[in-house]
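Visitor: Need a 3D model of the sequence below.
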Amino acid sequence: MSVVYLSGGVGGAKLALGLSQVLGPDELTIIANTGDDFEHLGFPVCPDIDTLVYTLSGLANREQGWGRQDESGHFMQTLKQLGGPDWFFLGDRDLAMHATRKALMDEGLTLTEITGRLARAVGVEHTILPMSDEEAPTTVETVEGLLSFQDYFVRRRAEPTVRRLHLLGGREVEATADVYGALATAELIVIGPSNPLISIDPILAVNGVREAMAESGAPVIAVSPIVGGKAIKGPTAKMMAELGQDVSVAGIASHYSDLATHLVIDETDAPLADAVRECSMAVSVAPTVMQSLEDRIALARHILSLSRA
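Guide: Just a heads-up that it's a prediction; the model follows:
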């Protein structure tokens with residue numbers, strides 16, 4: 001089976017790991033959001049790609065879900081001492097990833113080529129594709145003005161009220177041939193339990209993505225990032241509420257109603273199954289709060305079983 005998985009960072013990476021345990025490298029392709037990417041201290045930083053790479057390689061910090069395990073912060077300590085900007089943490093080990101990416105970019109390699117090279121270097125066998133090789137930054141329009149994504153998300157801790165999101169730098173961005181090809185030939189497309197507004201929508205906004213998904217004719221199974229009216233992690237619920245969306249699995253179903261054929265919801269939200277069906281979407285109930293590797297694998301197997309039913 002050929003499975004394509006759309007993912008953001010921490011939440012999406014959990015299920016990516018589960019899928020990677022039950023699908024071979026020739027069966028699973030992961031498409032990563034790059035709307036969070038930015039340049040910091042002269043280095044190109046790709047948070048969602050790196051979270052996926054670290055998670056699939058077993059190098060991720062298991063306590064926080066992002067960054068590397070056994071990380072140190074001597075660089076940041078010295079940076080702060082020198083009066084530099086220390087609001088975005090770059091660990092000493094993680095810094096090597098960004099420095100290598102910068103060097104490869106300077107050699108003229110694309111982000112797709114670089115991601116493949118870096119992932120393979122740390123033992124990742126499954127393919128991780130950036131949603132595009134072009135810059136595609138997400139910016140956040142708030143009550144305090146327009147903020148770059150990392151300013152909003154990290155520096156301001158997602159505190160300002162959101163009024164609107166601007167995707168892809170406000171311009172048309174093209175999918176790569178690799179992304180288009182993977183989607184067009186997919187037998188199953190899975191949308192991870194990532195923030196639909198800032199992790200999945202940027203992928204879907206890239207030219208060619210929706211068209212390739214439709215061309216494939218594959219079922220599209222989404223996993224709700226909302227459980228019991230709350231986000232498992234991050235500002236998903238806060239942002240949905242500020243943008244006037246229903247903060248529930250019904251709201252997630254409505255968000256994906258023109259695209260997904262099936263929504264997986266947690267057992268907590270089983271009473272709302274009929275509300276999901278009202279969005280002309282099939283619904284399945286399963287444990288979606290992934291605390292352990294076994295949880296991740298179980299959810300992955302559940303999703304695959306739906307596609308075979």
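
Visitor: check contacts around Ala175.
Guide: Going by CB atoms under 8 Å, 6 or more residues apart in numbering, Ala175 touches Met131, Ser132, Leu183, Val206, Asn207, Gly208, Val209, Ala212. All C-beta atoms are positioned from the backbone trio N, CA, C, and that covers glycine.

Visitor: For it, which non-adjacent residue is closest in space?
Guide: Counting by CB to CB, 6 or more residues apart in numbering, Gly208 is the residue found nearest to Ala175 once chain neighbours are left out, at 3.7 Å.

Visitor: Now that that neighbour has come up, it's in contact with Gly181, right?
Guide: No. With contact defined as CB atoms under 8 Å, Gly208 and Gly181 do not form a contacting pair (10.2 Å).

Visitor: Those two: who's more crowded?
Guide: Using other CB atoms under 10 Å as the criterion, Gly208 and Gly181 rank with Gly208 on top: 18 against 14.

Visitor: Could you list the low-pLDDT ranges of the stretch 101-250 of the chain?
Guide: The model of the stretch 101-250 of the chain has no residue with pLDDT under 70.

Visitor: Which residue ranges of it form strands?
Guide: 127-130, 139-142, 145-148, 162-166, 188-191, 220-223, 226-227, 230-231 (DSSP state E, counting those that start in this stretch).

Visitor: Can you list the strands that the longest one pairs with?
Guide: The sheet places strand 162-166 alongside strand 139-142 (antiparallel), with pairing taken from DSSP bridges.

Visitor: repeat for the first one
Guide: Sheet pairing for strand 127-130, assigned by DSSP bridges, gives strand 28-32 (parallel).

Visitor: List the contacts of the strand it pairs with.
Guide: 2-8, 16, 19-20, 46, 48-49, 52, 115, 126-131, 179, 182-183, 186, 203.

Visitor: Can you pick out the ones from those residues that are in helices?
Guide: Among the contacts of strand 28-32, the members found in helices (DSSP state H) are Ala16, Leu19, Ser20, Asp48, Ile49, Leu52, Thr115, Val179, Ala182, Leu183, Ile203.

Visitor: Tabulate those residues (a markdown table), appending neighbour count.
Guide: Shown next, in a markdown table, are those (neighbours: other CB atoms under 10 Å):
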| residue | neighbour count |
| --- | --- |
| Ala16 | 27 |
| Leu19 | 26 |
| Ser20 | 23 |
| Asp48 | 28 |
| Ile49 | 28 |
| Leu52 | 31 |
| Thr115 | 26 |
| Val179 | 24 |
| Ala182 | 24 |
| Leu183 | 26 |
| Ile203 | 27 |
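
Visitor: export those residues to JSON lines and tack on distance to Gly73?
Guide: Below are the ones in helices among the contacts of strand 28-32 laid out as JSON lines (distance: CB to CB, whole Å):
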{"residue": "Ala16", "distance to Gly73": "27"}
{"residue": "Leu19", "distance to Gly73": "32"}
{"residue": "Ser20", "distance to Gly73": "29"}
{"residue": "Asp48", "distance to Gly73": "22"}
{"residue": "Ile49", "distance to Gly73": "22"}
{"residue": "Leu52", "distance to Gly73": "23"}
{"residue": "Thr115", "distance to Gly73": "25"}
{"residue": "Val179", "distance to Gly73": "35"}
{"residue": "Ala182", "distance to Gly73": "37"}
{"residue": "Leu183", "distance to Gly73": "39"}
{"residue": "Ile203", "distance to Gly73": "31"}
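
Visitor: Show me how far stretch 229-245 is from its chain's centre.
Guide: The chain centroid and the centroid of stretch 229-245 are separated by 16 Å, computed with CA atoms, centre = their mean, to the nearest Å.

Visitor: Identify the residue nearest Ser194 in space, chain neighbours excluded?
Guide: Of all residues not flanking Ser194 in the chain, Gly8 sits nearest, at 3.2 Å (CB to CB, 6+ apart).

Visitor: quick one on the thing from earlier: give the buried subset of the contacts of Ala175 as a ChimeraX selection command.
Guide: The buried residues among the contacts of Ala175 can be selected in ChimeraX (16 or more other CB atoms under 10 Å) with this line:
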select :131,132,183,206,208,209,212
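
Visitor: And the contacts of Ala175, which is closest to Gly24?
Guide: Leu183 (18.8 Å; CB to CB).

Visitor: list the contacts for the residue nearest to Thr51 when sequence neighbours are not counted?
Guide: With CB to CB, 6+ apart as the criterion, Thr51 has its nearest non-adjacent residue at 4.2 Å, and that residue is Gly9. Taking CB under 8 Å, 6+ apart, we find Gly9 in contact with Asn33, Asp36, Pro47, Asp48, Thr51, Leu52, Trp66, Ser194, Ser199.

Visitor: go with 10 Å
Guide: Residues near Gly9 by CB atoms under 10 Å, 6 or more residues apart in numbering: 32-33, 36, 47-52, 55, 65-66, 192, 194-195, 198-199, 233-234.

Visitor: Please identify the buried residues of stretch 107-123?
Guide: Neighbour counts over stretch 107-123 (16+ other CB under 10 Å) mark Leu109, Thr110, Leu111, Thr112, Glu113, Ile114, Thr115, Gly116, Leu118, Ala119 as buried.
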